[in-house]
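*Asks:* Okay, here's the prediction I keep looking at, along with the sequence it came from:
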Amino acid sequence: MCGIIGIVAGRDVAPLLVDSLKRLEYRGYDSAGIATLDGGALARRRAEGKLVNLENHLKDQPLPGVVGIGHTRWATHGKPVERNAHPHMTKRLAVVHNGIIENFAELRTSLQADGYVFETETDTEAVAHLVTREMDRGLPPIDAVKAALPQLQGAFALAIIFEGVEGLLIGARQGPPLAIGYGDGEMYLGSDAIALAPLTDMICYLEDGDWVVVRKSGATIYDAQNNEVKRAVQKVQSQEFLVSKGNHRHFMEKEIHEQPEVIGHTLAHYLDLSTGTVRQDVAELDFSKIDRLSMSACGTAYYAAAIGKYWFEQIARLPVDIDIASEFRYREMPLSKDTLAMFVSQSGETADTLASLRYCKSQGLKIASIVNVTTSTIARESDAVFPILAGPEIGVASTKAFTSQLTVMASLAVMAAKQRGVIDDAQERALVKQLSEVPRIANQVLKLEGEIEKICRELAQVKHVLYLGRGTSFPLAMEGALKLKEISYIHAEGYAAGELKHGPIALIDDSIPVIVIAPSDRLYEKTVSNMQEVAARGGRIILISDEEGAKNASVDTMATIVMPEMAEFITPLLYALPVQMLAYYTAVFMGTDVDQPRNLAKSVTVE
Ligand code: F6R
């Protein structure tokens with residue numbers, strides 16, 4: 001994820017900015033930059049790749065100035081090249097941004113019509129020109145930001161400095177965290193306490209919708225309605241300087257909220273959004289040379305693979321076997337040399353998954369892996385590695401790693417389809433376009449949080465829950481059940497909706513909520529029939545569907561979560577979010593240890 005730092009001080013800030021950016025490296029990044037204000041004039045230095053490149057650049061061309069902003073960029077819109085690195089500048093200001101501006105295309109069109117020239121492919125540049133346009137219309141900086149913020153849709157944390165205006169730094173937060181740091185005669189903004197650690201331990205986290213005017217002497221905070229507000233300043237505990245939850249209650253909550261940005265970043269690695277194609281150079285692997293895919297994984301990673309199976313088979317016409325790694329490793333399955341063995345693992349260290357990999361290797365198969373930790377054993381022992389680029393996942397219950405695994409598999413399914421000649425250029429573009437919509441829709445889905453929290457108050461009272469789904473919603477139903485049981489300790493099972501009448505229907509009465517995952521796709525009506533079977537037996541239904549699905553459900557539900565409209569292909573990526581939030585808030589109501597549930601470990605390196 002991108003990282004932000006801003007400093008208003010009485011000393012040169014460039015070295016301080018770079019030092020803070022180093023502390024944000026853990027979030028992952030692919031370019032970095034800083035801008036300062038020196039004698040009223042804005043200047044910036046940016047560099048692709050590691051921070052050492054920026055440092056070398058600064059050695060050649062130092063950047064004096066007592067006010068500045070800095071950024072580590074984790075590409076979402078536009079390639080990870082210097083041109084797209086932050087800060088973005090106009091003649092009036094420099095801005096750094098973390099998050100996604102959903103309406104950047106409309107803003108860009110409107111700004112271009114007014115003569116503003118765009119130099120990059122980023123959504124952030126629209127913010128720079130938008131505030132500039134307000135200033136060109138005669139507003140001073142603070143009023144210009146105030147006028148621009150309501151025009152921005154999406155999730156963002158921003159820090160802005162202004163040409164000719166010494167001692168002023170403005171920040172804003174809607175979604176990604178932004179903290180104010182209080183120093184001795186200097187003030188800071190940062191993505192988290194870690195960024196600010198060498199500067200101060202007195203931190204105040206902005207709330208959603210807040211924006212702040214920062215000067216050397218202090219900060220004035222406004223809420224989304226522009227009322228001046230006070231937010232608590234806290235002394236940060238030393239462990240928060242390691243990996244921080246920001247102002248989220250749990251890492252799991254933070255990681256759920258990171259998903260729009262994380263998915264956007266992963267997509268940017270696998271897709272070229274400017275041409276609407278899948279990047280074919282991400283690994284040396286030709287899917288036209290294999291006739292079968294064998295995927296093994298454990299837990300959540302297994303359910304991700306189970307969804308991937310639908311995509312590879314339907315889109316790329318590639319047959320897929322999926323296995324729970326602990327079963328696969330002892331099954332002594334005959335494998336053909338034309339099978340690609342693929343392993344999905346967040347940690348890359350799971351003992352059963354690794355043992356399965358080694359078995360396939362001993363059979364002479366080519367090995368591919370989808371991992372988060374690219375230095376892990378599974379990655380090292382693979383012929384082709386597909387990183388999910390989710391950043392560190394701290395919550396034991398996997399959330400962002402799951403949707404990033406799905407993102408990679410969806411992209412690879414399109415890649416395989418193209419290589420195998422089963423889709424043409426137009427079909428590839430259509431699928432890539434659908435995938436590119438995921439971060440924007442994910443932001444909308446996160447807004448259902450309050451509603452989902454209310455449902456969970458009731459869920460926290462029950463002993464058993466059933467999850468039903470068809471197609472890709474079936475593995476998602478199993479993932480939903482796993483999430484709920486591991487963090488709330490409520491017994492839950494996920495079933496293929498069509499299996500209900502073959503046994504589980506005997507369980508149905510009014511004490512067991514049934515969560516039905518049913519986007520209005522081609523299987524919707526079949527799922528509705530199963531839902532009616534539940535309703536007829538007094539079962540209480542929580543339906544997750546879209547507006548059309550909710551309208552056509554024809555049963556009384558205990559609650560309905562109405563999702564945005566979306567293409568059938570991308571539904572598992574987005575329906576995963578309410579499923580995660582249902583588990584999360586239920587666990588919060590039950591008061592369990594959400595981030596470290598009993599008996600579980602993040603990485604299972606034993607059998
Ligand atoms: C559940 C969860 C686990 C892991 C499983 C595999 O939320 O996180 O089920 O998915 O232990 O771990 P990795 O992906 O590291 O191989």
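*Replies:* Perfect, I can see it now. Numbers count the residues shown, from 1 in each chain.
*Asks:* ok, residue 267 to residue 152 distance?
*Replies:* From residue 267 across to residue 152, the span is 21 Å (CB to CB, to the nearest Å). (Each C-beta comes from the backbone N, C-alpha and C, glycine too.)
*Asks:* Would you tell me which residues of the stretch 351-500 of the chain are close to the ligand?
*Replies:* With CB under 6 Å from any ligand atom as the criterion, the stretch 351-500 of the chain comes near the ligand at residues 353, 397, 398, 482, 486.
*Asks:* Please indicate which of those has the highest neighbour count?
*Replies:* Greatest neighbour count in these, by other CB atoms under 10 Å, goes to residue 353: 30 neighbours.
*Asks:* That one belongs to a helix?
*Replies:* Yes. According to DSSP: H, G, I helix; E, B strand; the rest coil, residue 353 belongs to a helix.
*Asks:* ok, and the closest non-adjacent residue to it?
*Replies:* residue 325 (4.3 Å; CB to CB, 6 or more residues apart in numbering).
*Asks:* That neighbour and the ligand, how far apart?
*Replies:* 8 Å (CB to the nearest ligand atom, to the nearest Å).
*Asks:* Now for that residue: which residues touch it?
*Replies:* 296, 297, 298, 302, 343, 350, 352, 353, 355, 356 (CB atoms under 8 Å, 6 or more residues apart in numbering).
*Asks:* In strands only, show me those residues.
*Replies:* 296, 297, 343 (DSSP state E).
*Asks:* So which of the residues of the stretch 351-500 of the chain next to the ligand belong to strands?
*Replies:* Using DSSP E, none of these sit in strands.
*Asks:* Check what pLDDT the one residue in the stretch 351-500 of the chain that gets nearest to the ligand gets.
*Replies:* Using CB to the nearest ligand atom, residue 398 is the residue of the stretch 351-500 of the chain that sits closest to the ligand, at 3.3 Å. Looking at residue 398, its pLDDT stands at 97.
*Asks:* pretty sure it is touching residue 300, no?
*Replies:* Yes. Taking CB atoms under 8 Å as the definition, residue 398 is a contact partner of residue 300 at 4.2 Å.
*Asks:* helices or strands up against the helix or strand bottoming out on mean pLDDT in the chain?
*Replies:* Across the helices and strands of the chain, mean pLDDT, DSSP states H and E gives its lowest value to helix 193-196, namely a mean of 83. Judged by 3 or more CB pairs under 8 Å, 6 or more residues apart in numbering; DSSP states H and E, helix 193-196 is in contact with strand 3-8, helix 14-23, strand 179-182.
*Asks:* and if we set it to 10 Å?
*Replies:* strand 3-8, helix 14-23, strand 179-182, strand 187-190, strand 202-205 (3 or more CB pairs under 10 Å, 6 or more residues apart in numbering; DSSP states H and E).
*Asks:* quick check: mean pLDDT across the third one?
*Replies:* For strand 179-182, mean pLDDT is 95.
*Asks:* Please produce JSON lines containing the contacts of residue 325, extended by pLDDT.
*Replies:* Below are the contacts of residue 325 laid out as JSON lines (pLDDT from 0 to 100):
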{"residue": "296", "pLDDT": "98"}
{"residue": "297", "pLDDT": "98"}
{"residue": "298", "pLDDT": "97"}
{"residue": "302", "pLDDT": "98"}
{"residue": "343", "pLDDT": "98"}
{"residue": "350", "pLDDT": "91"}
{"residue": "352", "pLDDT": "93"}
{"residue": "353", "pLDDT": "96"}
{"residue": "355", "pLDDT": "93"}
{"residue": "356", "pLDDT": "96"}
